[in-house]
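okay, here's the prediction I keep looking at, along with the sequence it came from:
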Amino acid sequence: MVKVIDFKTRVNNSGEEFFVLIVQGGAKTVVSKETGKAYFTVKKANVPTTFDEATCKSLIGQEFEGTIEKVASEPYEYVIESTGEIVELNYRYEFVTVEQQVLANQLINEELVA
């Protein structure tokens, strides 16, 4: 499950504004590569919508079935808000529906059988 925690305005290639919902997954335990200590984190993703601002506001707090998955992407620069440090990333986090997960698992199983 993911929860809608906010929304933002974006502009498409045609210069038209649209809204994205910011969704957040549940807390997970991660072990730091630098210190070896455990900490909690949550993953967030932006999901494009066809909604107006009022609808986006009304959806804050709503939960949807699915997960947030790490997917490979073209390298891009990202600014760490807390430090201002600029880092290069080659992945992003994406919302994946239950249906997409089922289809992906079926494809993996079909490849293993073939």
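Received, thanks.

next structured bit after the strand of greatest length in the chain?
Longest strand of the chain, by residue count under DSSP state E: strand 67-79. Per DSSP states H and E, the first helix or strand lying C-terminal to strand 67-79 is strand 86-96.

for that next one, buried residues please.
Of the residues in strand 86-96, those buried by neighbour count under the rule 16 or more other CB atoms under 10 Å are 93, 94, 95, 96. The C-beta positions use only the backbone N, C-alpha and C, and glycine is treated the same way.

would you list every one of the strands in the chain?
2-11, 17-24, 28-31, 38-41, 44-48, 63-64, 67-79, 86-96.

tabulate those (CSV), appending mean pLDDT and distance to residue 54.
What follows is the strands of the chain, written out as CSV (pLDDT from 0 to 100; distance: least, CB to CB, whole Å):
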stretch, mean pLDDT, distance to residue 54
strand 2-11, 97, 11
strand 17-24, 98, 10
strand 28-31, 92, 33
strand 38-41, 94, 32
strand 44-48, 96, 17
strand 63-64, 96, 19
strand 67-79, 93, 25
strand 86-96, 94, 22
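
closest one to residue 55 among those strands?
Of all the strands of the chain, it is strand 17-24 that lies closest to residue 55, at 8.3 Å by CB to CB.

what angle do that closest one and strand 67-79 make?
110 degrees (axes from the mean of the first three to the mean of the last three CA atoms, to 10 degrees).

contacts for strand 17-24 next, please.
Applying CB atoms under 8 Å, 6 or more residues apart in numbering, the external contacts of strand 17-24 come out as 2-12, 42-53, 56, 59, 64, 68, 95.

could you rerun that using 10 Å?
When contacts are defined by CB atoms under 10 Å, 6 or more residues apart in numbering, strand 17-24 is touched by residues 1-12, 42-53, 55-57, 59-60, 62-64, 66-68, 93, 95.

distance to residue 103 for the strands of the chain - can I get that in TSV?
Formatted as TSV, the strands of the chain follow (distance: least, CB to CB, whole Å):
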stretch	distance to residue 103
strand 2-11	18
strand 17-24	20
strand 28-31	24
strand 38-41	27
strand 44-48	18
strand 63-64	17
strand 67-79	13
strand 86-96	10
